[in-house]
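Undergrad: No sequence on hand, only this structure:
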């Protein structure tokens, strides 16, 4: 009887082993699992740019054929990756540069229009937002890897959705954690000294797609392939991506609410990296170096979660913080301020003594800046020699994209401080560049 039982037991063991081997698919490794996890976050991005065609008979043709004569669309394709379930997407700036229309196609072939939220020219990073998603619609988002958690030689995967044909994957290793591409061609000529180098092929159309590790975490943003080298691709490291996000994925950029603080994520959590002078963050007691433990009683793991909470609770205008400083926990409350209500033309007039308007073309020349419509006779600008008709282009070397941003630059200065203004001065049919030092009141 014991022998029979032994034979049965051995038979069962062989049967179990056989079925285990049959059910276990040896093809399913960590790479396959990571790809299946991340691929629903990878999108195709197509753009349309209207290009003006110059023609000696342009005005004549427009009279006959309408104002759209001489305008033709140019299209480009790239990839991107969803970083937040509400529909925020990362891609390369060169993929969407000058685009007049951006269309995003998901892995399931659903298409959405997207809006450019913010860019980092230095890092070649752009942030998009799906604008026609249904209320409450959620999207699969990739996880951002910790800054600096990179292993030389580790397996990496370059994902993309080129040409809208579906997901594309290439596999390789991390060849270098700090490589500068030796070329002057765009988008290579960027101020980045620590691009990631990989031998995973970054095919045409994969620009803006994610470079991930075997944990399925975003460690870089695919940007280019080195044409003169065989099997050499580059990606923007997640550290630089996070820095770009800290400038664009903010309450100011997302909902026009002024907090005046910047954050960064690391393996030690989220910390405050900068606080603007006179901002709600400074008045609330936030300081650079504070570790963010909670926002609205939730513990954020990265800057995306930080700003999501700020935007969600910012509608209430007050946001509770719990931070750690010098080993002590502190409870703080910040009151967010609508930027347009606070930073406006009145503040600029108060500080500079000028009235600004959006600049109009001077003759046939398009200019970037703000038209000085009026100068107070006894104001700071008049004392510095500014006159109506000048164009204000930059404040202390910074080019404000709108009047709200210009007012913010001036607000940060105290009375009596001097700012350097970059100007365009029209004289007859010519335009001259000039600078002026103005003491604020």
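TA: Structure received. Quick caveat: nothing in here was measured; it's all calculated off a predicted structure.
Undergrad: how about the strands in the stretch 1-150 of the chain?
TA: 42-52, 71-84, 88-92, 101-105, 111-120, 125-130, 143-144 (DSSP state E, counting those that start in this stretch).
Undergrad: Any chance of TSV for those strands, columns distance to residue 308?
TA: The way it works is simple: take the backbone N, C-alpha and C, and place the C-beta from them, glycine included. Shown next, in TSV, are these (distance: least, C-beta to C-beta, whole Å):
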stretch	distance to residue 308
strand 42-52	20
strand 71-84	7
strand 88-92	9
strand 101-105	20
strand 111-120	14
strand 125-130	13
strand 143-144	13
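Undergrad: For those strands, give me JSON lines that also has mean neighbour count and distance to residue 423.
TA: What follows is those, written out as JSON lines (neighbours: other C-beta atoms under 10 Å; distance: least, C-beta to C-beta, whole Å):
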{"stretch": "strand 42-52", "mean neighbour count": "20", "distance to residue 423": "28"}
{"stretch": "strand 71-84", "mean neighbour count": "19", "distance to residue 423": "32"}
{"stretch": "strand 88-92", "mean neighbour count": "26", "distance to residue 423": "33"}
{"stretch": "strand 101-105", "mean neighbour count": "19", "distance to residue 423": "34"}
{"stretch": "strand 111-120", "mean neighbour count": "18", "distance to residue 423": "25"}
{"stretch": "strand 125-130", "mean neighbour count": "25", "distance to residue 423": "30"}
{"stretch": "strand 143-144", "mean neighbour count": "18", "distance to residue 423": "42"}
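Undergrad: May I have the predicted confidence score for residue 279?
TA: For residue 279, the model assigns a pLDDT of 87.
Undergrad: residues contacting it?
TA: Residue 279 sits next to 258-261 when contact means C-beta atoms under 8 Å, 6 or more residues apart in numbering.
Undergrad: shouldn't residue 423 be in contact with residue 395?
TA: No: counting by C-beta atoms under 8 Å, residue 423 stays clear of residue 395, with 10.8 Å between them.
Undergrad: quick one: contacts for residue 177?
TA: Residue 177 sits in contact with 150, 152, 194, 196, 237, where contact means C-beta under 8 Å, 6+ apart.
Undergrad: List the pairing partners of the helix or strand where it lies within its sheet, with orientation.
TA: Using DSSP states H and E, residue 177 sits within strand 168-179. Strands that pair with strand 168-179, judged by DSSP bridges, come out as strand 155-160 (antiparallel), strand 195-198 (antiparallel).
Undergrad: Show me which residues of it are buried.
TA: By neighbour count with 16 or more other C-beta atoms under 10 Å, strand 168-179 contains the buried residues 168-170, 172, 174-175, 177, 179.
Undergrad: biggest separation within the residues you listed, which pair?
TA: For the buried residues of strand 168-179, the maximum inter-member distance is 24.2 Å, found between 168 and 177 (C-beta to C-beta).
Undergrad: Show me where the stretch 251-400 of the chain dips below the pLDDT cut-off.
TA: Low-confidence segments of the stretch 251-400 of the chain (pLDDT under 70): 313-316, 359-367.
Undergrad: those helices in it, which residues are they?
TA: Counting by DSSP state H, counting those that start in this stretch, the stretch 251-400 of the chain has these helices, from start to end: 251-255, 280-284, 303-314, 339-342, 345-352, 380-383.
Undergrad: can you put the ones you listed in TSV and add mean neighbour count and distance to residue 100?
TA: Formatted as TSV, these follow (neighbours: other C-beta under 10 Å; distance: least, C-beta to C-beta, whole Å):
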stretch	mean neighbour count	distance to residue 100
helix 251-255	20	21
helix 280-284	20	35
helix 303-314	21	27
helix 339-342	14	25
helix 345-352	19	28
helix 380-383	20	36
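Undergrad: Of those helices, give the one that comes closest to residue 84.
TA: Nearest to residue 84, of the helices of the stretch 251-400 of the chain and by C-beta to C-beta, is helix 303-314 at 5.3 Å.
Undergrad: thinking again about what came up before, could you dump the helices of the stretch 251-400 of the chain to a markdown table with distance to residue 156?
TA: Shown next, in a markdown table, are the helices of the stretch 251-400 of the chain (distance: least, C-beta to C-beta, whole Å):
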| stretch | distance to residue 156 |
| --- | --- |
| helix 251-255 | 30 |
| helix 280-284 | 37 |
| helix 303-314 | 22 |
| helix 339-342 | 40 |
| helix 345-352 | 48 |
| helix 380-383 | 54 |
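Undergrad: To residue 374, which of those helices lies closest?
TA: Of the helices of the stretch 251-400 of the chain, the one closest to residue 374 (C-beta to C-beta) turns out to be helix 345-352, at 8.7 Å.
Undergrad: Distance from the closest one to the middle of the chain?
TA: Centre-to-centre, helix 345-352 and its host chain are 30 Å apart (C-alpha atoms, centre = their mean, to the nearest Å).
Undergrad: Check stretch 292-303 too.
TA: For stretch 292-303 - counting by C-alpha atoms, centre = their mean - the centre lies 21 Å from the chain centre.
Undergrad: In it, which of the residues would be classed as buried?
TA: 292-293, 295-296, 300, 302-303.
Undergrad: out of those, who's nearest residue 380?
TA: Among the buried residues of stretch 292-303, and counting by C-beta to C-beta, the member closest to residue 380 is residue 303, at 37.4 Å.
Undergrad: pretty sure that closest one is in contact with residue 270, am I right?
TA: Yes: counting by C-beta under 8 Å, residue 270 is a contact partner of residue 303 at 6.4 Å.
Undergrad: Against residue 405, how distant is residue 346?
TA: Using C-beta to C-beta, to the nearest Å, residue 346 is found at 15 Å from residue 405.
Undergrad: Closest to residue 353 out of the buried residues of strand 168-179?
TA: residue 179 (50.2 Å).
Undergrad: Residue 234 sits in which helix or strand?
TA: Here residue 234 sits within strand 233-237, counting by DSSP H and E.
Undergrad: in its sheet, what does that strand sit against?
TA: In its sheet, and by DSSP bridges, strand 233-237 pairs with strand 195-198 (antiparallel), strand 217-225 (antiparallel).
Undergrad: The ones you listed: which one's closest to residue 127?
TA: From the strands paired with strand 233-237, taking C-beta to C-beta, the stretch that ends up closest is strand 217-225, at 11.4 Å.
Undergrad: Next, the angle from the closest one to strand 88-92.
TA: Angle, strand 217-225 to strand 88-92, by axes from the mean of the first three to the mean of the last three C-alpha atoms, to 10 degrees: 30 degrees.
Undergrad: Next, the angle strand 125-130 makes with strand 217-225.
TA: In terms of direction (the same axes, to 10 degrees), strand 217-225 departs from strand 125-130 by 110 degrees.
Undergrad: What average pLDDT does strand 217-225 get?
TA: The model assigns strand 217-225 a mean pLDDT of 87.
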